[in-house]
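Undergrad: turn this into a model:
(chains A and B)
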Amino acid sequence: MRYLDEEFRVKVGLAEMLKGGVIMDVTNAEQAVIAEKAGAAAVMALERVPADIRKEGGVARMAPVRKIREIMEAVSIPVMAKCRIGHFVEARILEALEVDYIDESEVLTPADEEHHVDKRAFRVPFVCGARNLGEALRRIAEGAAMIRTKGEAGSGNVVEAVRHMRAIQREIRQLTVLGKEELAAEAKRLQAPLELVEYVAEHGKLPVPNFSAGGIATPADAALVMQLGAEAVFVGSGIFKSEDPEARARAIVKAVTYYNDPQKLLEASEELGMGMPGLDVSKLQESELLQTRGW
Amino acid sequence: MTLRVGVLALQGDFDAHCRAVERAGAAARLVRTAAELDAVDGLILPGGESTTMLTLLREERLFEPLREFGRRRPIFGTCAGAILLAREVSHPQQESLELMDIAVERNAYGRQLNSHVARIQPEEEFLRRTGGGELETVFIRAPVIRRAGEAVKVLARYRGDPVLVEQGLHLAATFHPELTEDNRVHRLFLAKL
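TA: Residues are numbered from 1 along each chain as shown, chains lettered A, B, ... in the order given. Prediction:
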């Protein structure tokens, strides 16, 4: 399949290495060190965590280069950074900076409301958000080497992450029982390339790792999305907006490893302090949702 | 008796290793606790982040049981797993199981942009034991083995540095044989069990 050439395998390779891990949002070197010590498999460098972007409003852009560099120098684990949807110049700058992964993210204010970045034109790998199978396959067709379900970033509410993970897993399972002659119509409905639809139908999974993000705030939330099929977890505001970030970071790392072991999950959930305050996503206005950015 | 091949599943590409073990004709089981470790004949330490694995090994009190396991049973480490097996780790310096007399520098090729696939000609001994020709090697933010002690046998080199080494019971690769279809390195390990 043309999507799976050698360069793409190297991009997916790093996503394979992050499986079973936690990728934590950090806004400075000090937080990055706390994350690494707690067992983060990677960090996401950004200027403000999603909860603050939501609260403060304004245009959210790529993090300042100085800040990303400071984080890259502080830790030995992979460092990711976000660019705005469609902002291929921010992406080029991040590639020149040699970040390990770029998240073309709906958490930042989109730069283009019609087009995503042509990710195949880059050597640095990309991760993109998705709410359903069609969206995931469109991003993979553009060159994304990792998918994360979008959830609702900065909400501290896992309900949207659950919805999106369930949707993708359900749609994948549905494809596997269709006849070959039914796949073209399905590709049309999903607005995704037939070749990728056929891959999913044959293998029962995406051709790239599928992680979960957007609203994960507790060890139990992390284990929940893992049990629903996530292969790793992104935690944004959930850690550094909680009362004791270090303890919570450790607890979430433990919960992702032992997601199927209730005794270990009990241990991970003890003595945690207060979690971040959450939002009722159903009370948010349509315009306040981050997940509807991108198509 | 069927071989019980364990794959340490704290973090990393342990699923890819399970599939590679199965392609090589054995059954794999995931290991996350000391009790699960007791029930396997050999163990694979997968690729992933060595700092994450170390943190969990310490917190779950698996570090000593794993080192003890390595005195009796074969361990095969890839990338992060090779870092855990090493006697010395640099860039930055960190704790390790010290089961193989090698010095390893982390992320020695650079960041993800320097990750790559190479085709290498393994040493005669490797070919004698596994057959076949050149080996496809996938390096992901890979470490480099800067020193290999006298008791360490080098089975493959890339750009002059050892990338597949053996010492006694143990085997370490700085690349990811589990990410290719070629299962010779896994078969080599299974033959040691």
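Undergrad: how about the helices of chain A, start to end?
TA: A:6-18, A:29-38, A:50-56, A:65-74, A:88-96, A:133-142, A:159-176, A:183-190, A:194-203, A:219-227, A:237-240, A:245-257, A:262-269 (DSSP state H).
Undergrad: so how far is the first one from its chain's centroid?
TA: The one in question is helix A:6-18. Offset of helix A:6-18 from its chain centre (C-alpha atoms, centre = their mean, to the nearest Å): 16 Å.
Undergrad: what helices or strands is that helix leaning on?
TA: The contact analysis (3 or more C-beta pairs under 8 Å, 6 or more residues apart in numbering or on different chains; DSSP states H and E) places helix A:6-18 against strand A:146-149, strand B:116-120, strand B:135-139. C-beta here means a position set from N, CA and C on the backbone, and glycine is covered the same way.
Undergrad: so the closest residue to A:Ala35 other than its chain neighbours bridges to which residues?
TA: Residue nearest to A:Ala35 in three dimensions, not counting chain neighbours: A:Met24, with 4.2 Å by C-beta to C-beta, 6 or more residues apart in numbering or on different chains. Per DSSP bridges, the residues bridged to A:Met24 are A:Val43, A:Val235.
Undergrad: look up how far chain B lies from A:Met24.
TA: 11 Å (C-beta to the nearest C-beta, to the nearest Å).
Undergrad: go on, A:Ala141?
TA: 22 Å.
Undergrad: on that earlier part again, do you know which of the helices and strands packed on helix A:6-18 lies nearest B:Gly12?
TA: With C-beta to C-beta, the closest approach to B:Gly12 among those belongs to strand B:135-139: 14.1 Å.
Undergrad: do the helix or strand following that closest one and chain A meet?
TA: For strand B:135-139, the following helix or strand on the C-terminal side (DSSP states H and E) is strand B:144-148. No - contact of strand B:144-148 with chain A (C-beta under 8 Å from any C-beta of the partner chain) is absent, the minimum separation being 14.4 Å.
Undergrad: buried residues, strand B:144-148. List them.
TA: For strand B:144-148, the buried set under the neighbour-count rule, 16 or more other C-beta atoms under 10 Å in any protein chain shown, comprises B:Val144, B:Ile145, B:Arg146, B:Ala148.
Undergrad: specify the beta-bridge partners of the last one.
TA: So that's B:Ala148. Per DSSP bridges, the residues bridged to B:Ala148 are B:Ile102.
Undergrad: once you drop chain neighbours, what's closest to the residue of the stretch 151-295 of chain A found nearest chain B?
TA: Chain B sits closest to A:Thr257 of the stretch 151-295 of chain A, with a gap of 5.2 Å, by C-beta to the nearest C-beta. Of all residues beyond its chain neighbours, the one nearest A:Thr257 is B:Leu10 (5.2 Å), with distances taken as C-beta to C-beta, 6+ apart.
Undergrad: so that neighbour touches B:Thr33, yeah?
TA: No - look at B:Leu10 against B:Thr33 with C-beta atoms under 8 Å: they stay out of range, at 10.2 Å.
Undergrad: cool, thanks, signing off.
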